[in-house]
Every structure is written in C-alpha cells, then in structure tokens.
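Student: okay, sequence plus prediction incoming.
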Amino acid sequence: MSTLLSFKPTVALLDEPPPLLEAMPLAIHACNSSGHICWFNRRAVALWGREPKLNDSADRFCGSLKLLRADGGVLPHDQTPMAQTLRTGIPAESVEAIVERPDGSRIATRVHTIPIRGRDNQVMGAINCFHEIPESNAAPKDAGGEDERRCRELLEALPTAIYTTDVAGRITFYNQAAVDLWGRRPEIGTDFWCGSWKLFWIDGQPMKHEECPMAIALKERRVVRGYEAMAERPDGTRFSFIPYPTPLHNSRGEMIGAVNMLVDITERKSAEERLELLAREVNHRAKNMLAVIQSIVRLSTTKETRAFSDVLLGRITALGRAHSLLSENRWASAGLNRLLEEELAPFREGSDVRAHISGPHLALAASAAQPLSIALHELATNAAKYGALSTPNGRIAVEWVRNPDGRAILRWIESGGPAVVAPTRQNFGLNVIGIVIRSQLAGTVNFDWRLDGLVCTVEIPAVALID
C-alpha cells in the first residue's frame, strides 16, 4: 500500500487515469484542486455502494454517501483526508474511516492520499487510495504476491523515476524511467541509497551517496522535502532533479524501507540560467544608459544651468538606486527600508544620526519602487535645502504601518529645523512628489506645514505591495 502511494504523480493523471487503474486490487479515485472527482475505478464504486458524478459539485472529495470517523462520529466530506491534502499539500497515510452505503451498510476503510503538484509546486489535485480493513491483517500469501505484482506494473507504467530501498538503504526496486534518468541500471540489493553514478549539490559541490536525501529519510525516519540536486551519468552528462524520499512502514508501523521519486528539472534550470543571463545583460545595459545620461547632463551643464543639472542628476541617481535594488531581486520587488536607508545614508552615519526610519518589512512591486524612490528623494532634497536637514539640530523620522485592508501609510516627520511657513505655491519638487504618488503609484499624498516641521503623509495602495 505505501509503495503505491509514496510516489508523486504528474498533473496529467488528473486528465487521464493510469492504464492499469481497473486492474488494481484497491479502490482509487482522483480529485482536482476544487475537490471535484476526476475519475475512479470500479472497486471504489463497489466500496462506496454508489457511482458519483464526475466534476459535479454534489460529489466532492469522496464518492461515499456518508462518512464516519473511526470512533463513530460524523466525518464531513470537507474534512476527509482528500480535503485535508488538497488544502495543505500534506499526504495522508493510513487514516481510518467508515463508509456508510445507501443501503445503510457500513464498512471500515483505511485511506491513503497523496497530492499532485504542478510545475510551480502548487497543489493541482490529489489521488486517494482506500481499501476495506480486513478482520485479520494476515492476507493469503498468493494474494499478497499478486498485489505486489500489480503495484510494480503500475510503477513501471509511470513516466517518472521511482525506486525503493530496504531499511538499510539497499535498492530493492526501480522502474525504467529511473534507468533512463540515471543512465545506468544499478544492482538490486548491492547499490545503496540512489542509483545515480555521481551526485552533486545544486551548487556543484560533490554529494556523498550516504548524505543524499534518501539516506537522510532512512537514517532520520522522516519524509524529506525541499532539496534540489544534480547527478552525473556514466557518459558524463548531468541532470538536475528534485527528490521526494518517503519512509515505508508495515501494518505494525515498523519502517521497512523507503520510496523515492526523482523529478527531472534540467530544462527548468536551463531556462532559469538563460533568464538570469538575460536579466544581468538588461541590468548592465540599463546602468550604462543611466551613466551615459548622467555624463550628457554634466557635459551640457553651464554656469547658468548648474542648479538645474544638480537637481536632475540627483533624480537620475535616485532612479539608479531603485534600479539596483530591483535587480538584486530579479525585478520582483524592492524593500522600502532599503530605499530609505540608501536615500538618507548621509544623515544616518556616525554618532549623530539625524534620520530615523521604523516600520515593518514592506516589499514594493517593481512598478512602485521607482516612483516612490523619486518621491523620497524629493522629500530629502527639500529637507536638506529648506527643512529640518538644513540646520545642524534638525531631525527626520520616517514611519510606516500596514493597514488590515492591505494599504500602507508612510509619514515623513521633520523637526528641529527652521520655522515652517506653508508655501503660497508648490515648487517643482513638491509637484514631482504629487505627480509620481498620484499618477504612477495610484496613491495619495498630504503635506501638513506645521510650525515645527513638515509632516508628509503618503498612502501606498495594496496593489503596489507584494505580500
């Protein structure tokens, strides 16, 4: 039973059931991520005592009319092992449940459920295998051998590399897909842990076979997830893969070995490397372009345009800082605290820190990072020229919070500077702040010209943030 359900099926199984489905001596059905039944075999119908409707909202998670827990309490369909696995992505092993048929008869079952994941590792569905719990766990020898033969046939038919070991780590079975992936055929009962010729960590460092994820699963007696590794075939070619080692247990709960599934991610890794190379080239060209623009501005500067050139160069530099932060995260996001730290760095050095920032971590979307960087630069420039940072005793505090509705509220608070008088008209820098916040960030901005210092409040919409 555990051997059958410890591999990780492919998403294609949701659309087309395994060819040996009806030959399996077990009741099996599959559901999509919404819990709608995709397919089932006749043994499942016999055990349920009814035939559910496919992809119908009336039949979700399970085809039984009514379910009970092992203690006799009602088990709602949305709390079944299938529903739990779809919600959490965690397999269910040997869960006991009682099926009540339409004729009122009841049958005790043991349920095993495993998730089906897509390329992005999201749960796309799950397969459920269940069988009647016999009065005696001692099955006839011939029947047990037939069950094992059919399970092996099913594993051989799967296109994913699967193999098993005993409790000591000796390989006891592998399918043809594993041979194709490894590029070799290991010796049953002699090769340990994994059939790969050579193993490497994903960064290229050699990995000993006795340190591989399968060895960890057996030695620590636990499911191992979250690893990526590489292997080298005897012909020198390499492939990247994700292992899914899972311990196997007998009916008494004793560990008897483990099963492992190897998912080939070589193409995905190659695509990631190409994207990384392209991103580096784009970042390099963008930085060169900003440097060229800065050089043009400097070369075009005259005595009369010096002030304008300084302002323009400052804004270009602010864009460059945001660009660098975004490139560090592959243009996915930029941290608000990092933007502020870099913009206010001259006022945060040494023992006399004149600019303080505080607030939770906020990841700005790529489309929001550069507009907000420009706005913060204009506020800092205004403070250095006319506000709190224009005098030795002036201070700035930047605080932000995240509201329950997803919006963030940022407050720029100046104090200790010259007496403040509200401007009769907004200068160009303040206009720039309003334009980028309202038009490009889709947020709001408010200036409160208090006597002891400017307080600027910026609302950052939820769509500009990444959770």
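Tutor: Cool, got the structure.
Student: beta partners of F239?
Tutor: A231 (DSSP bridges).
Student: show me what contacts it?
Tutor: Neighbouring residues of F239 by C-beta atoms under 8 Å, 6 or more residues apart in numbering: L181, M230, A231, R233, D264, T266. (Each C-beta comes from the backbone N, C-alpha and C, glycine too.)
Student: the closest residue to G195 other than its chain neighbours: what secondary structure?
Tutor: Using C-beta to C-beta, 6 or more residues apart in numbering and skipping residues adjacent in sequence, the residue nearest G195 is P186, 3.8 Å away. Using DSSP: H, G, I helix; E, B strand; the rest coil, the structure places P186 in coil.
Student: burial count for P186?
Tutor: By the criterion of other C-beta atoms under 10 Å, P186 has 19 neighbours.
Student: ditto for I28
Tutor: 23.
Student: so it sits right up against L13, yeah?
Tutor: No - under the criterion of C-beta atoms under 8 Å, I28 is not in contact with L13, lying 10.5 Å apart.
Student: overlap in contacts, the two.
Tutor: I127.
Student: can you redo the contacts of F239 as a markdown table with distance to A380?
Tutor: Shown next, in a markdown table, are those (distance: C-beta to C-beta, whole Å):
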| residue | distance to A380 |
| --- | --- |
| L181 | 56 |
| M230 | 47 |
| A231 | 52 |
| R233 | 57 |
| D264 | 51 |
| T266 | 48 |
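Student: and of the residues you listed, the nearest to K208?
Tutor: A231 (12.9 Å; C-beta to C-beta).
Student: count the neighbours of the closest one for me.
Tutor: When neighbours are defined as other C-beta under 10 Å, A231 has 24 of them.
Student: what residues are up against it?
Tutor: L181, W182, C194, S196, W197, K198, L199, F200, R238, F239, F241.
Student: tell me how far the residue nearest to the fourth one when sequence neighbours are not counted lies from T266.
Tutor: Of all residues beyond its chain neighbours, the one nearest S196 is A231 (3.8 Å), with distances taken as C-beta to C-beta, 6+ apart. Counting by C-beta to C-beta, to the nearest Å, the gap from A231 to T266 is 10 Å.
Student: which residues are common contacts for these two?
Tutor: R238, F239, F241.
Student: residue boundaries of the helices in the stretch 151-300 of the chain?
Tutor: For the stretch 151-300 of the chain, the helices defined by DSSP state H, counting those that start in this stretch cover 176-182, 213-220, 266-299.
Student: which of the ones you listed has the lowest mean pLDDT?
Tutor: Mean pLDDT per stretch puts helix 266-299 lowest among the helices of the stretch 151-300 of the chain, at a mean of 70.
Student: from G204, how far off is the residue nearest to S196?
Tutor: Applying C-beta to C-beta to A231 and G204 gives a distance of 12 Å.
Student: same check on E273?
Tutor: Counting by C-beta to C-beta, the gap from E273 to G204 is 13 Å.
Student: ok, T237 next?
Tutor: On the measure of C-beta to C-beta, T237 and G204 end up 15 Å apart.
Student: for A44, phi and psi?
Tutor: Phi and psi for A44, reported as degrees, to the nearest 10, are phi -70, psi -40.
Student: which residues touch it?
Tutor: A44 touches A27, I28, H29, G63, F130, counting by C-beta under 8 Å, 6+ apart.
Student: sort out for me which of those are in strands.
Tutor: A27, I28, H29, F130 (DSSP state E).
Student: closest to Q176 among the residues you listed?
Tutor: Nearest to Q176 among those, with distances taken as C-beta to C-beta, is I28, at 22.2 Å.
Student: quick one, what contacts that closest one?
Tutor: Per C-beta under 8 Å, 6+ apart, neighbours of I28: L21, F40, N41, R43, A44, I127, N128, C129, F130.
Student: who's it bridged to?
Tutor: Applying DSSP bridges, one finds that I28 bridges with C129.
Student: going forward, count from 255.
Tutor: Sure, I'll start counting at 255 from here, so that last one is I282.
Student: just the pLDDT at it, thanks.
Tutor: Reported pLDDT for I282: 92.
Student: quick one, what contacts A277?
Tutor: Counted by C-beta under 8 Å, 6+ apart, A277 has contacts R404, E407.
Student: ok, now with 6 Å
Tutor: With contacts defined as C-beta atoms under 6 Å, 6 or more residues apart in numbering, A277 is in contact with R404.
Student: coming back round to it: show me which of the contacts of F493 are buried.
Tutor: The neighbour-count test (16 or more other C-beta atoms under 10 Å) applied to the contacts of F493 identifies L435, M484, A485, D518 as buried.
Student: what number of residues lie near the residue nearest to E276 when sequence neighbours are not counted?
Tutor: Excluding the flanking residues, the one nearest E276 by C-beta to C-beta, 6+ apart is N295, at 5.3 Å. N295 has 19 neighbours, counted by other C-beta under 10 Å.
Student: what do you get for R479?
Tutor: Counted with other C-beta under 10 Å, residues neighbouring R479 total 13.
Student: what does T559 give?
Tutor: 12.
Student: swap in T556?
Tutor: Count around T556 with other C-beta under 10 Å applied: 8.
Student: same deal with R438?
Tutor: There are 15 residues near R438, going by other C-beta under 10 Å.
Student: list the contacts for L593?
Tutor: So L593 contacts S627 (C-beta under 6 Å, 6+ apart).
Student: per-residue confidence at it?
Tutor: pLDDT at L593 comes out at 84.
Student: repeat for I456
Tutor: On the pLDDT scale, I456 gets 87.
Student: any stretches of the protein with poor pLDDT?
Tutor: Filtered on pLDDT under 70, the chain yields the residue ranges 255-264, 388-403, 529, 532-548, 551-554, 557, 560-586, 680-682.
Student: tell me the domain ranges of it?
Tutor: 255-391, 413-518, 523-720 (automatic domain parsing).
Student: how far off centre is the shortest one?
Tutor: Distance, stretch centre to chain centre, for domain 413-518: 24 Å (C-alpha atoms, centre = their mean, to the nearest Å).
Student: neighbours of E595, how many?
Tutor: 13.
Student: can you pull the contacts of it?
Tutor: Applying C-beta under 6 Å, 6+ apart, no residues contact E595.
Student: so which bits of the one helix or strand it maps to are buried?
Tutor: Assigned by DSSP states H and E, E595 falls within helix 590-597. With burial defined by 16+ other C-beta under 10 Å, the residues of helix 590-597 counted as buried are L590, N591, R592, L593, L594, E596, E597.
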